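K.L.:
give the three-dimensional model of this entry:
(chains A and B)
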Amino acid sequence: MGKLKLLWRFMKGSRLRYTGAVMSIGLAALFSFLSPLVIRYTIDTVIGGGNTQLPVVLQGLAEGLSREGGLIRRLLACSSLLLLLALSAGLFTFFKGKWSAEASEFTAKRIREQLYDHLQNVSYDYHVKAETGDLLQRCTSDVDTIRAFLAEQLVEVGRAVIMLTLALSIMLSLNLKMTMVAMAVVPVIFSFAVIFFLKVKNAFKASDESEGRLSATLQENLTGVRVVRAFARQQHEILKFEERNAEYRDLTYRLILLLAAYWSISDLLCMLQVCAVLVFGVYWTTTGVITLGTLVVFTTYEGMLLWPIRQMGRILTGMGKTVVSLERIGEILAVPLETGEQEGLKPQIEGDIEFRNVSFAYEEGKQVLRSISFRAKPGQTVALLGPTGSGKSTLVHLLARLYDCQSGIVSIDGTDVRDIDKKWLRQNVGIVLQEPFLFSKTLKENIRLPKPQAGEEEIFAAARIASIHDVALGFEKGYETLVGEKGVTLSGGQKQRVAIARTLIKDCPVLIFDDSLSAVDTETDTAIRKALKERNKQATTFIISHRITTLSEADVILVLENGEIVQQGSHRELVSQAGLYQRIWQIQNELEKEVETDMEMEQDRGENVS
Amino acid sequence: MSGIEEQEYSKKFDFGLWRRLLQYVKPYRRLMLLLGFVMVGVAGIDVIFPLMTKYAIDRFVAAGNIEGLSGFLLMYGILIAVQTVNVWLLIAIAGKIDMGVVYDIRKKGFQRLQELSFSYYDKTAVGWLMARMTSDITRLGDTLAWGLVDFVWGLTMMAGIAGVMLFINWKLALVSLSVIPLLVVISLYFQQKMLKAHRKVRKTNSRITGAFNEGISGAKTSKTLVLEKSNLGEFSAITGEMYGYSVKAAVYSSIYLPVVLSLGSIGTALALWFGGRGVYLQTISFGTLVLFIGYTIQFFEPVRELARIIAELQSAQASAERILSMIETQPDIADTVDVVWKYGDMFNPRQDRWPHIKGNISFRNVSFSYKDGEKVLEDFSLEVKAGETIALVGETGSGKTTIVNLACRFYEPVSGEILIDGVNYKDRPLAWLHGSLGYVLQNPHLFSGTIRENIRYGRLDATDEEIEKAARLVNAYEFISKLEKGFDTEVGEGGNRLSTGEKQLVSFARAVLANPRIFILDEATSSIDTETEQIIQDAIRKVLKNRTSFIIAHRLSTIRSADRILVIKDGKVLEEGNHYQLIRKKGYYYRLYTNQFMEEREMELLKA
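P.N.:
Purely as a prediction, here's the structure:
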């Protein structure tokens, strides 16, 4: 029930349309059910000279049209009436089609946008853990299931119900006994349909699952094509695939045979129903219980009713899918949104940053940061060094409020970051992630994403600092080159450089490089940092890196281990202290020594050979 | 994403294409013929039922007595019985054809995919191939079987109805069916419109999928750049377009359907008007009037079906185009007729005639460029002695991988030749060389199944003992035996239940089991923990022993232990020699080495 409430919520803004669509179905059905009555009237009264009457309004119309006319005139009147009814039915069928499409498409649009918006605004943490494939499935197929349910299935069920009610009341007004005959098999057909589709659920599932295995085998073969070739295992693979292929064929054929049984039996039931109407009708017509026209009406109605009833069995059993889809979408929308947006302060930010006794844990009991305290003055560069999992990334994430710390205070210019509007904060604290995402747009568009009004000069300037300008010009289409999934493939380092340019263009007073130069080679790394220094505006900069040259140039170096700052100071201070920094520094000496021995070894070997 | 995207396709009926498809239907021509008969039978009985009603009215109602009603009932019962059997037969037969054709095309497609060379895979996304092999083939099978069913049924019934009407009263028939020409014209018009609209809907739909994909994958980045609002704006623009196109498509069909029905009722109205007059004048019977009214309604029922089939035919044609283009692609690299004659083909290899591979490899003036003209190697020569270990170092895109792929004959030289044990490898079967290769990728690919099955992939007839021996040799035994189910542990899809390091060890075991003469190692750059790294290094050393090997090397220890290091830049050998010689040169390798040295040691210190 809760799921249907959700659906009702999604339909906001299109409920009226949808109601209109349902009413149109009713009217279309009504008009198409009136047509046989006109035929009945024509046969019984106009031609047969009996006194069968039409429903009030139609009777008036028929009489008005055929006023004082002879047979031809009266026949023409009936024909025109028939046409009029058909056109009216057609008109409402059109409205039904249009409105139900508008309502269902609008609902789909609403769900899509809500999902998109919601996913953009849930916490950073959610996306760290999210499974893209599953989410994508929910946002596309599940939405489509709901759309199809509204546009096709629910409408069909509505139509069947309305038709059944209408037909039943008209039939009853004509003849009770005939109605009982005409409806005798209908419940059987309906129950048969429902029971059948419930029973063969497993056969459907078996076929679906087998198809899944087939695709999985195919996918594995295609992604592992190099392995297959390298071991020359094509024949083996072909046999494996053939097994799946045949299994799918056989299971699906079993399902088809079940369906063959279903359709032939339900056809049999329908034909029996029609036959019963015909035989009893003929009998009662000859005995004068009903008129010929009435017989025609009953046979015609039967033809109109049976198909929707048979469909209903299938649709009702398929509705479970919609509920599941609604559930899956509901789950996404139930994920809490990120808080603290557009409700906090929007101060001018200078870049004076202080951590005071900051602690953080992703899960309770697993402290990632413990009582971190340090201060960075505006324009200073802070380098962070530490083993994997020591909390470096977490520390800088707190600064951009991708996470909020649980105790202690992170402040900028003396203001607790938690009091600052999140979006405002992120506008001012530029963070370049280690694995940045480039959008399927041109290079230029990617760089100016955060600042759409940026001119070419600004874009070039940012690109030059990030050492990506020359790369861009090297492409055939220059800055207009499409990157991302559909575009050229950039190397990891190039991607990082584009991401840096993109962040620089924001002109943030605080910059964070979350190991975002890791895939850039050492020389380019140096060039980028040099260009950053030469910028006239110095931002407070945080750099996570393992490169000694990068670290050594920082104003302050923080060495983290197990979430704690174990060492803190300038290059000169740390080099003389025992610790991680010193050890890394010493690698250079090791290298020199090693190269020396290697060269000597070569000399020895050379001498030995000669 | 490009694999999923809807592609433009030709709108004209492609006769040649369908003729090429005919070979896949051919095995089922008997069933097709039978199906055709059944369909004609179904349609025929559908035409007869209203005639029965006419008979009943004229014979019993008009006459006012029910003498002979039991005979009528019997007749009707027989018709029902036959029709029931017919319906069963039609579904069973059409299903058989559907499943058969789909199975055959899939089989053929898969075989072709096993033959196509790497150059094909380089430019074709796996997603694209998946779509061809799954949904496209399904759609084609559906249309071939079920489309035909509906088509024959619809046409036969319409023809039958028209025929009976003409036979019973040709004047009334012509009057009642006079709307057909108009129907045809209107149908053609709407058909075009609807097809176009639906195509737009599908295209926009794949854009929505793309946008969602980007929105989700890029959500973290969007957050840091505060792009939430502008992203939503762009997304709304696409969903807005989707709304517009979908509604437009729906409106077209919402107009078309009532129009067809209204045309139908013009026919009914005409039948009522003229027929009614006929009844009154006693030129036709009541039964005939009822029959004509019934027929005019029934006649227009298949029109919708036919319109749908024509639309489906178009998309099935597009599917067929794509499938056939895949199946009919000729592999760039294949054994020559001479080679097949001498050594057998992939399916019937004559391995007794295959010479033993020692492992001497020489590149003689080899040039290679990709299809798009990008030159990778030019006049490249290299002699590798059996058992030698060659390390290839250089930047991404320098040509290292191409050299390896050429040596393995995954690509062939554009000019020059490659000799294995002194013979041009084109004069030997592909499987001969590939069967002697050991290939370990930096991101090892395992197949779903157990660890044992994965290792056995190296040699299908290997015993369990041999498998365990191979695992021991590459130090994989220890971690495997620690697993709950040992060698029978399921590795999951793509081997994802194992860690990268474990996957590498399994892939080493698999390669060792094959006992290859030539070993290729594309070394991982990804960081794994130090302990596993040591184990893997040790495994590599054992595997390379006594085998000709090429290593695309990143780790210093591997590079240092190679017999020969080739520094590749822009498709040329820049420096060559062993580690010590190259260090002394203080050139490109020296810089590469020192940088790598720093990186590796720094990373090592920072490993938790």
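K.L.:
low pLDDT regions in the stretch 451-600 of chain B?
P.N.:
B:524-530 (pLDDT under 70).
K.L.:
that one against chain A: which residues are in contact?
P.N.:
Proximity of the stretch 451-600 of chain B to chain A, by Cβ under 8 Å from any Cβ of the partner chain, involves residues B:457-458, B:460, B:493-494, B:510, B:514, B:520, B:579-581, B:583-584, B:590, B:594-595, B:597-599. In short, each C-beta sits where N, CA and C put it, glycine included.
K.L.:
hmm, 6 Å instead?
P.N.:
B:580-581, B:583-584, B:594-595, B:597-598 (Cβ under 6 Å from any Cβ of the partner chain).
K.L.:
just the buried residues of those.
P.N.:
The neighbour count (16 or more other Cβ atoms under 10 Å in any protein chain shown) marks B:580-581, B:583-584, B:594, B:597-598 as buried among those.
K.L.:
between those residues, which is nearest chain A?
P.N.:
residue B:580 (3.3 Å; Cβ to the nearest Cβ).
K.L.:
which residue ranges form the strands in the chain?
P.N.:
If you meant another chain, say so; for now it's chain A. A:353-361, A:367-376, A:381-385, A:407-412, A:415-416, A:429-432, A:510-513, A:540-544, A:556-561, A:564-569 (DSSP state E).
K.L.:
hmm, no, I was thinking of chain B.
P.N.:
According to DSSP E, the strands that chain B contains are B:361-369, B:375-384, B:389-393, B:415-420, B:423-424, B:437-440, B:518-522, B:548-552, B:564-569, B:572-577.
K.L.:
tell me the mean pLDDT over the fifth one?
P.N.:
It refers to strand B:423-424. On average, the pLDDT along strand B:423-424 is 90.
K.L.:
go on, the fourth one?
P.N.:
Model confidence over strand B:415-420, given as mean pLDDT, is 92.
K.L.:
kindly report the same for the third one.
P.N.:
Here strand B:389-393 scores 91 as its mean pLDDT.
K.L.:
and that strand, which strands flank it?
P.N.:
strand B:548-552 (parallel), strand B:564-569 (parallel) (DSSP bridges).
K.L.:
ok, which of those strands comes nearest residue B:229?
P.N.:
Set against residue B:229 and scored by Cβ to Cβ, the strands paired with strand B:389-393 come closest in strand B:548-552, at 45.2 Å.
K.L.:
for that closest one, C-alpha coordinates in CSV please.
P.N.:
Once non-C-alpha atoms are left out, strand B:548-552 reads as follows in CSV (Å, rounded to 0.1, in the frame of the first residue of the first chain):
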residue,chain,number,x,y,z
THR,B,548,61.7,-17.3,-24.2
SER,B,549,59.9,-14.4,-22.6
PHE,B,550,58.8,-10.9,-23.2
ILE,B,551,58.0,-8.7,-20.2
ILE,B,552,56.4,-5.4,-20.4
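K.L.:
residues contacting the residue sitting nearest the centre point of chain A?
P.N.:
Centroid check for chain A by Cα atoms, centre = their mean gives residue A:139 as the closest residue, at 1.8 Å. Residue A:139 makes contacts with A:115, B:212, as judged by Cβ atoms under 6 Å, 6 or more residues apart in numbering or on different chains.
K.L.:
circling back: and the strands paired with strand B:389-393, which is most packed in?
P.N.:
strand B:548-552 (a mean of 24; mean count of other Cβ atoms under 10 Å in any protein chain shown).
K.L.:
residues in contact with it: which ones?
P.N.:
So strand B:548-552 is contacted by B:359, B:384, B:386, B:388-392, B:400, B:404, B:518-522, B:558 (Cβ under 6 Å, 6+ apart).
K.L.:
distance from it to the middle of the chain?
P.N.:
34 Å (Cα atoms, centre = their mean, to the nearest Å).
K.L.:
also stretch A:163-181?
P.N.:
47 Å.
K.L.:
and what of stretch B:61-80?
P.N.:
For stretch B:61-80, the distance to the chain centre is 56 Å (Cα atoms, centre = their mean).
K.L.:
got the end-to-end distance for that stretch?
P.N.:
22 Å (Cα to Cα, to the nearest Å).
K.L.:
for it, buried residues please.
P.N.:
Quick answer for stretch B:61-80 (16+ other Cβ under 10 Å): B:61, B:66, B:69, B:72, B:76, B:79-80.
K.L.:
repeat that for stretch B:418-426.
P.N.:
Of the residues in stretch B:418-426, those buried (16+ other Cβ under 10 Å) are B:418-421, B:425-426.
K.L.:
what's the first-to-last distance across it?
P.N.:
Termini of stretch B:418-426 sit 8 Å apart (Cα to Cα).
K.L.:
what does stretch B:403-413 give?
P.N.:
End to end - Cα to Cα - stretch B:403-413 spans 10 Å.
K.L.:
give me the residues contacting that stretch.
P.N.:
Contacts of stretch B:403-413 (Cβ under 6 Å, 6+ apart): B:118, B:333, B:361, B:366, B:368, B:425, B:433, B:437, B:520, B:550.
K.L.:
for the residues you listed, which one is nearest chain A?
P.N.:
residue B:437 (5.0 Å).
K.L.:
stretch B:184-195: how far from the chain's middle?
P.N.:
For stretch B:184-195 - counting by Cα atoms, centre = their mean - the centre lies 32 Å from the chain centre.
K.L.:
quick one: buried residues of that stretch?
P.N.:
Within stretch B:184-195, judged by 16+ other Cβ under 10 Å, the buried ones are B:186-187, B:190-191, B:193-195.
K.L.:
before we move on, back to that, which one of the strands of chain B lies closest to residue B:41?
P.N.:
So among these, strand B:437-440 is nearest, using Cβ to Cβ, at 58.7 Å.
K.L.:
near chain A at all, the closest one?
P.N.:
Yes. Residues of strand B:437-440 contacting chain A under Cβ under 6 Å from any Cβ: B:437, B:439.
K.L.:
which strands and helices sit next to that strand?
P.N.:
Judged by 3 or more Cβ pairs under 6 Å, 6 or more residues apart in numbering or on different chains; DSSP states H and E, the packing partners of strand B:437-440 are helix B:500-513, strand B:518-522.
K.L.:
make CSV from these and add mean neighbour count to it.
P.N.:
Formatted as CSV, the helices and strands packed on strand B:437-440 follow (neighbours: other Cβ atoms under 10 Å in any protein chain shown):
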stretch, mean neighbour count
helix B:500-513, 25
strand B:518-522, 23
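K.L.:
the stretch 251-400 of chain A against chain B: which residues are in contact?
P.N.:
Of all the residues in the stretch 251-400 of chain A, those lying near chain B are A:252-253, A:256, A:260, A:263-264, A:267-268, A:271, A:275, A:279, A:282-283, A:285-286, A:292, A:296, A:387-389, going by Cβ under 6 Å from any Cβ.
K.L.:
how about 8 Å then?
P.N.:
Going by Cβ under 8 Å from any Cβ, the residues of the stretch 251-400 of chain A near chain B are A:252-253, A:256-257, A:259-261, A:263-265, A:267-268, A:271-272, A:274-275, A:278-279, A:282-283, A:285-286, A:292, A:295-296, A:299-300, A:303, A:385-390, A:400.
K.L.:
dump the residue contacts of residue 62.
P.N.:
Picked chain A for this. Contact analysis of residue A:62 by Cβ atoms under 8 Å, 6 or more residues apart in numbering or on different chains lists A:38, A:41, A:54, A:74, A:77-78, A:81.
K.L.:
should've been chain B
P.N.:
B:285-287.
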